[in-house]
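K.L.:
Return a 3D structure for these sequence lines:
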Amino acid sequence: MASSGNRTSTMASDLQGLRRVSRLAIYVAIGAAVAGLERLVPTPLPWIRLGLANGVALIALYSMGFQAALIVNITRALLVGLLFGTWATPALLLSLGGGIAAVIVMEIVRRMGQSRIGPVGVSVSGAFAHMLVQFILASLLLVRHGSLMVLAGPSLIAAVISGVLVGVVVVVAVDRIPPHLLSGKRSLSVSGE
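P.N.:
Okay, here's the model as predicted:
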C-alpha cells in the first residue's frame, strides 16, 4: 500500500513539473512573439522599444518566481536572436545582458519593496536596468567613445516611461489571463505571494 502512495505522490509531482514547464514554454513563446512584433513597429531610435516582452518576464516573476522569469528572458532573447538573425552578434549580447539585468533588478526591487512598490514600480526598475546595462555593454564592447553616453539620458527617460506603460499593461492583462497559466493566481500581488 505504501508503494501505491509513493507512486501517486510521484505522479502528482511529475504533473506539477510538467505544468510548470508548460507555463514557461507559453511565456517564452508569448515573449518571443511580442518581441518579434515590436521589431516591426517603427521607433524614434532603433534601440528604443516599448519592452512588452519584459512584461512577460514580469508576469513570470510574480506568478512563478525569479528563476522562471530569468529562464523566460534568457530563452526569449536566444530564440529571438535565432529567428531574426542576430544570433552570435553584439545585438544578442546586449539583449541577453539587458534581459538578465532587468530580471535581477526587478526581483531585488520586488523583494525590498514588498508592499510599498507594486508591479508598475518593479517594471520601471527593470526597464531602467535593461537600458542602462545595454548602454554599459555597448560602451565596453562596441563604441569605446564618450559620445555614446550622450544618448543614455534620453534613452533612460524613455525606459522609465516604457516601464510605466508595460507595468500598467501587465496589471490589466493579468485579469484576462486564464488562472492555470498564472499558477492559479488571478492578480499580481504586490508582495508576490
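
K.L.:
Number of residues surrounding residue 177?
P.N.:
16 (other Cβ atoms under 10 Å). For every residue, glycine as well, the C-beta is placed using N, CA and C.

K.L.:
Helix or strand for the closest residue to it other than its chain neighbours, just tell me which one.
P.N.:
The shortest distance from residue 177 to any non-neighbouring residue, by Cβ to Cβ, 6 or more residues apart in numbering, is to residue 59 (7.5 Å). Using DSSP states H and E, the element containing residue 59 is helix 52-64.

K.L.:
next helix or strand past that helix?
P.N.:
helix 66-83.

K.L.:
What spatial separation is found between residue 166 and residue 33?
P.N.:
From residue 166 over to residue 33 the distance is 16 Å, taken as Cβ to Cβ, to the nearest Å.

K.L.:
Tell me which of the two has more neighbours.
P.N.:
Comparing residue 166 with residue 33 by other Cβ under 10 Å, the one with more neighbours is residue 166, at 24 against 17.

K.L.:
Can you give me the neighbour number for the closest residue to that one other than its chain neighbours?
P.N.:
Leaving out its chain neighbours, the residue that sits closest to residue 166 by Cβ to Cβ, 6+ apart is residue 55, at 4.4 Å. When neighbours are defined as other Cβ under 10 Å, residue 55 has 28 of them.

K.L.:
follow-up on the earlier one: isn't the residue nearest to residue 177 up against residue 176?
P.N.:
No: using Cβ atoms under 8 Å, residue 59 makes no contact with residue 176, being 11.6 Å away.

K.L.:
The residue nearest to residue 166: what's it in contact with?
P.N.:
34, 123, 166-167, 169-170, 173 (Cβ atoms under 8 Å, 6 or more residues apart in numbering).

K.L.:
ok, it to residue 151 distance?
P.N.:
The value you get for residue 55 to residue 151, if Cβ to Cβ is used, is 24 Å.

K.L.:
ok now do the closest residue in space to residue 79 that isn't next to it in sequence, which residues does it touch?
P.N.:
Computed as Cβ to Cβ, 6+ apart, the closest residue to residue 79 that is not its neighbour in sequence is residue 32, at 4.6 Å. By Cβ under 8 Å, 6+ apart, residue 32 lies in contact with 53, 76, 79-80, 83.
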